[in-house]
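Q: Sequence plus the predicted model coming up.
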Amino acid sequence: MGSVNLQSQTLLLQVRCSNEDLKGQRVAVIGLGTSGRAAAKLALARGASVLAVDKNEKLVPLELDPQFTEHADIQTILGYCDNSHLANADSVVVSPGVSLQDYNLSTLLQSLHELVEVQGRQVMSELDFAAEVLPKEIKVLAVTGTNGKSTVTSFAGQMLHHLDIKAFVGGNLGKPLSEAALSCLKACSMQDAYQVAVVEVSSYMMEIPNSYFCPSVAVVLNLTPDHLERHKTMQNYAAMKCRLFAHMKDPKLAVLPVGNPYLNESFSNHANGCNVAWIDDFPGIKVNVETKVATLSTPTGSTTHLLLGDLKAMGTHNYSNAAVAAFSVLGLNLGIDSDTINSTVGKLHLLPHRMQVVCTDAHGVTWVDDSKATNVESTYAGLMGLNEHKSVVLLGGLAKVLNDQETNGFEQLVGLLNRHRGVITFGSSGAMIHKTLCDSGLRIPCVNTKNLEDAVNCARTMAMRGDMILLSPGCASFDEFRNFEHRGKVFQHLAVSA
């Protein structure tokens, strides 16, 4: 019986990989970053001609890119794009890096949406464009939230890998989902196909409501002020996150943090009868930091204990990250038992720039790179996990918009920072952060410096043997660096070059 089922699924994949379902259609792809380029490749593989659009006039047109030169059905428009070009497309695929305010898209998308029922045209996110052709046999685990989503996505992927389950891991984390879809189009046997897709989902990826992306398990880890320069309000931000649940029904599983009013309201507006579990409540996940044991209780009543003592990731907040990952993997109903999932915990490792130990220098000071902490809440979580370590903490960069609040949010760190050796602020928001901390009762030394290099040099003079120097900025990096990875690499270089 199993052999017959495998043969039928293999035949289904063979039909799919030879089916050019968009043949004769024109797909416009807006935004030619990693996601847009992957969507263009997928569109071509599906038989469509592609109109590629990007505001950056310095990009190489896809027609001249070696990865695309074998395809004749591409036209690239860089810089200004007349919306008439887009209006003539059968489908418009919008990359997550493109705001709906760009290209006058809000007006354009409204007019195109009005044509959907009449002429069958579609306006889609890259995520949805990929999900449209993702094989139904693949279980999808989607992870979003303001903080921790990359870590949980990575942990879940690692768990599946260690259990010999073939999984795609990507989305907002590295590889776009279009790459997984393209791989599945080319996979003409079940042995070659993915069993699971673990997808990190950002709020940007959900600005256009999805029709095809429907996870088996969807997780919202948390929600705190972030990306409000784009989403404007916390209500909008929560709505983007909760669109994950729009097409999920029983027995699909939604996992949310307990007690978040924005998420509670948005979830009730978007949920469609799926099972629900909670982070920090039952059914769901509760972590005992003292015993290093997580209790995982499903909506169906089964209970599993996850032993976290072997977890090598720094920071007690990673106990929760590992527990949520394990709970989500179990929720895929792949036949994994508690002993099997426990066997993976000691094998997990963190992604770079997330509480990453860089080195211990000749003076006995340990350097830790948490450059991914691009908002205050992420820095707070990192500090919470350092109860036994005195640190010199580096805060700064470009502070984020906080929903029109009068505060920048750094005052909430004061209680935790007072346990440590000192604080160095730096970057364009450094002086503001310094003032906020000092006005809010900071009792330890706090020095403002111009840039990250000056902050590192100052931290060297302040740290004592056995201390940490922790870069956990609580800010975006764009005042001085290309991104948080660039900032982290510079910090690591400065740490080892003394």
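A: Perfect, thanks for sending it.
Q: can you give me phi and psi for Asn288?
A: Dihedral angles of Asn288 (phi, psi; degrees, to the nearest 10) stand at phi -100, psi 100.
Q: I'd say it and Ala294 touch.
A: Yes - judged on C-beta atoms under 8 Å, Asn288 makes contact with Ala294 at a distance of 7.4 Å. (Each C-beta comes from the backbone N, C-alpha and C, glycine too.)
Q: Look at the two and report which has more neighbours.
A: Shown here are Asn288 and Ala294; by other C-beta atoms under 10 Å, Ala294 has more neighbours (23 against 12).
Q: helix or strand right after the host helix or strand of the more buried one?
A: Using DSSP states H and E, Ala294 sits in strand 293-297. Downstream of strand 293-297, the next assigned helix or strand under DSSP H and E is strand 303-307.
Q: and the angle for that following strand with strand 293-297?
A: Relative orientation of strand 303-307 versus strand 293-297 (axes from the mean of the first three to the mean of the last three C-alpha atoms, to 10 degrees): 160 degrees.
Q: helix/strand/coil for the closest residue in space to Arg230 that isn't next to it in sequence?
A: Among residues not flanking Arg230 along the chain, Ser99 sits closest, at 5.9 Å (C-beta to C-beta, 6 or more residues apart in numbering). Secondary structure, DSSP: H, G, I helix; E, B strand; the rest coil: Ser99 is coil.
Q: Correct me if wrong: Ser99 contacts Glu229.
A: No - the criterion here is C-beta under 8 Å, and Ser99 misses it with Glu229 at 9.6 Å.
Q: okay, the two: which has more neighbours?
A: More crowded of Ser99 and Glu229, by other C-beta under 10 Å: Ser99, with 16 against 9.
Q: Return the distance of the more buried one relative to Lys55.
A: 11 Å (C-beta to C-beta, to the nearest Å).
Q: likewise Leu348?
A: 40 Å.
Q: Of the two, which one has the most company?
A: Leu348 (23 against 16).
Q: What score does the more buried one have for pLDDT?
A: Listed pLDDT for Leu348 reads 97.
Q: residues contacting it?
A: 155, 158-159, 311-313, 322 (C-beta atoms under 8 Å, 6 or more residues apart in numbering).
Q: sorry, back to before: convert the C-alpha atoms of the strand holding Ala294 to PDB, please.
A: Provided in PDB are the C-alpha atoms of strand 293-297 (Å, rounded to 0.1, in the frame of the first residue of the first chain):
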ATOM      1  CA  VAL A 293      12.800  21.700  31.800                       C
ATOM      2  CA  ALA A 294      10.100  22.700  29.500                       C
ATOM      3  CA  THR A 295       6.600  21.300  29.600                       C
ATOM      4  CA  LEU A 296       4.900  21.000  26.200                       C
ATOM      5  CA  SER A 297       1.100  20.400  26.400                       C
END
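Q: Tell me the gap between that strand and the middle of its chain.
A: In this view, strand 293-297 has its centroid 24 Å away from the chain centroid, taken as C-alpha atoms, centre = their mean, to the nearest Å.
Q: Who are the contact partners of Ala476?
A: 374, 397-400, 484.
Q: Quick check: beta-bridge partners of it?
A: Note on Ala476: beta-bridge partners by DSSP bridges are Leu398.
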